[in-house]
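[1] Next comes the sequence, and after it the predicted model I'd like to discuss.
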Amino acid sequence: MMQVGKIITISDISVEIILSNTDVKIGDILEVENNHKYVFEIIEINNVSATCVSLYSTRGLQKGSIVNKISDGLEIEYSDKILGRVFDSYGDVIDGLPFESEKKVKVNNDTVSLKEVKADNDPLWTGIKVIDFFAPLQKGFKMGLLGGAGVGKTVLIKELIHNIYSSSNSNAVFVGAGERSREGKELYEDMKSSNLLDKMTMVFGQMGDNPVSRSKSVATGLRMAEYLRDEKKQDVLIFIDNIYRFIQAKAEISTDLKELLIENGYPANMANEISQIEERISSNNNGSITSFQAIYIPADDLTDDAVQTVMSYMDGQIVLDRKIAELGLYPAINVFKSTSKLVDAEKIGERHYNLVEKVLACLTRYEELEEIIAVLGIEELSEEDKHIFYRSRKLRNYFSQPMFVAESYTNIKGEFVDIKDVLDDVENILNGKYDDIDESKFRYIGKYNG
């Protein structure tokens with residue numbers, strides 16, 4: 001431990017230190033040990049002083065306190081011991097169970113170089129019909145996950161973790177950035193009861209924590225995902241909930257440091273901060289990191305600067321819709337708003353691409369017909385429109401699905417559905433092969449076995 005100086009100014013988030021030892025650098029971790037332990041990270045050095053952000057509260061800290069250097073940067077666990085455990089933003093275990101470290105590394109890591117990046121990856125089939133058909137994934141994709149509370153986001157996340165692990169034996173990382181403590185605890189208990197906890201690592205920068213903690217949680221989770229990719233040679237899933245809270249936390253820090261803010265109060269270096277995170281989510285020859293990033297839309301404004309900056313990195317989006325959830329159809333995914341760059345004839349094949357186009361056209365016409373029927377009745381429709389109406393209802397039901405992680409409360413056995421079976425079933429519904437089958441037979445099934 002090396003003495004580096006004394007504190008001369010204190011704010012809610014940051015402190016300034018007059019340096020007595022200039023052998024320090026940005027990223028170094030310092031501490032003050034009085035009746036209470038205070039920990040800081042250096043973010044700026046100006047000749048004889050250093051500006052630091054406080055990792056915890058500064059309450060009770062006094063000017064003139066002696067500051068010591070304790071390490072060259074934040075370090076987290078980098079071994080198999082991360083699996084099945086819950087960490088805070090600084091890599092400390094918070095699940096109350098005993099923990100012995102095996103190996104630690106710095107949280108910050110360089111992005112994968114252009115030479116190492118692997119862009120031509122295989123599709124990542126989830127076994128969830130509506131995703132694989134309308135918004136298929138590729139290993140290394142970044143997908144935006146949009147949807148409010150109560151529309152089945154947690155169940156969908158759990159099912160994705162279950163199915164990807166079952167099909168490829170790959171693990172997952174969940175990052176709660178600005179997550180409510182209650183929601184984090186519920187997710188932990190859900191994962192435990194579903195026997196998924198040992199297949200994943202959880203990192204939480206909770207809503208009640210200071211903004212430094214909330215901003216660090218994403219980098220900590222990514223470092224653990226990089227361990228699974230680079231050391232265990234896996235294709236990894238990482239869920240970030242919520243990437244917008246990460247930007248908010250950075251804005252709070254910038255405000256405290258009296259830095260220049262742009263429109264809507266975002267930090268001037270917002271694009272760079274997001275870039276540093278998104279560029280680390282990539283594939284190399286060891287494996288891939290595929291991400292689902294929940295994105296809060298402030299005031300439902302999709303043109304918000306932060307939302308637009310994040311979305312520019314996305315390869316697609318999955319939108320959960322309350323209206324679909326109210327129909328009792330899960331996963332409650334809005335197929336008109338859910339997209340993927342993989343929906344291209346050259347990437348998924350002519351047959352799959354053409355079927356997506358036909359289904360979307362059919363469902364669009366169905367919504368128009370619903371309005372006509374509400375006024376005139378179904379008998380006024382032409383035969384062609386009647387076929388479209390009834391086939392669309394079958395398609396809508398067909399894209400619901402029994403989930404493995406929901407078996408305990410639905411009493412319906414979960415199913416992993418191969419994309420070939422999905423294409424066959426959709427084609428048969430569109431061609432009228434199942435016109436004589438009641439639409440209820442297509443609700444909560446895997447592939448159709450009629």
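    Thanks, I have it. Numbering: from 1, shown residues only.

[2] what's the offset of the strand or helix carrying residue 226 from the middle of its chain?
    In the assignment (DSSP states H and E), residue 226 maps to helix 211-230. Going by Cα atoms, centre = their mean, to the nearest Å, the spacing between the C-alpha centre of helix 211-230 and its chain's C-alpha centre is 12 Å.

[3] tell me the mean pLDDT for it?
    Across helix 211-230, the average pLDDT comes to 93.

[4] Any stretches of this protein with poor pLDDT?
    With pLDDT under 70 as the threshold, the chain has low-confidence stretches at 111-113, 115-116, 149, 450.

[5] So which residues of it form helices?
    129-134, 153-168, 181-193, 211-230, 243-256, 270-278, 305-311, 322-326, 345-348, 350-376, 383-398, 407-410, 419-430 (DSSP state H).

[6] For the residue lying closest to residue 428 once chain neighbours are set aside, list the residues it contacts.
    Nearest residue to residue 428 in three dimensions, chain neighbours excluded: residue 434, at 5.8 Å (Cβ to Cβ, 6 or more residues apart in numbering). Quick note: C-beta positions are derived from backbone N, CA and C, even for glycine. Listed by Cβ atoms under 8 Å, 6 or more residues apart in numbering, the contact set of residue 434 reads 394, 428, 442, 448, 450.

[7] Equivalent analysis for residue 177, please.
    Here residue 177 is in contact with 205, 214, 215, 217, 218, 240, 241, 242, 243, 245, 246, 249 (criterion: Cβ under 8 Å, 6+ apart).

[8] can you tell me how far the closest residue to residue 446 other than its chain neighbours sits from residue 322?
    Nearest residue to residue 446, sequence neighbours excluded (Cβ to Cβ, 6+ apart): residue 415, at 3.1 Å. Counting by Cβ to Cβ, to the nearest Å, the separation of residue 415 from residue 322 is 25 Å.

[9] These two: who's more crowded?
    residue 415 (17 against 14; other Cβ atoms under 10 Å).

[10] What separation do you get for the more buried one and residue 400?
    For residue 415, the distance to residue 400 equals 11 Å [Cβ to Cβ].

[11] picking that back up, just among the contacts of residue 434, which is most surrounded?
    residue 394 (24 neighbours).

[12] Confirm for me that that residue is in contact with residue 439.
    Yes. Between residue 394 and residue 439 there is a contact under Cβ atoms under 8 Å: 4.9 Å.

[13] Just name the closest of the contacts of residue 434 to residue 287, please.
    Residue 287 lies nearest to residue 448 out of the contacts of residue 434, by Cβ to Cβ, at 34.7 Å.

[14] Find the nearest non-adjacent residue to the closest one, please.
    residue 425 (4.8 Å).

[15] The closest residue to residue 252 other than its chain neighbours: neighbour count?
    Sequence neighbours aside, residue 211 is the residue nearest to residue 252 in space, at 3.9 Å (criterion: Cβ to Cβ, 6+ apart). Residue 211 is flanked by 23 other residues according to other Cβ under 10 Å.

[16] ok, so what distance separates the closest residue to residue 219 other than its chain neighbours from residue 371?
    Of all residues not flanking residue 219 in the chain, residue 107 sits nearest, at 5.3 Å (Cβ to Cβ, 6+ apart). Look at residue 107 and residue 371: by Cβ to Cβ, they are 54 Å apart.

[17] ok, now how distant is residue 339 from residue 367?
    Using Cβ to Cβ, residue 339 is found at 18 Å from residue 367.

[18] Ok, residue 265 next?
    38 Å.

[19] quick one: which of these two has more around it?
    Higher neighbour count among residue 265 and residue 367: residue 265, with 13 against 10, using other Cβ under 10 Å.

[20] Which neighbours do residue 415 and residue 400 have in common?
    Counting by Cβ under 8 Å, 6+ apart, nothing touches both residue 415 and residue 400.

[21] Residue 32 and residue 55 touch, don't they?
    No. Using Cβ under 8 Å, residue 32 is not in contact with residue 55, being 11.7 Å away.

[22] I'm done for today, thanks for sticking with me.
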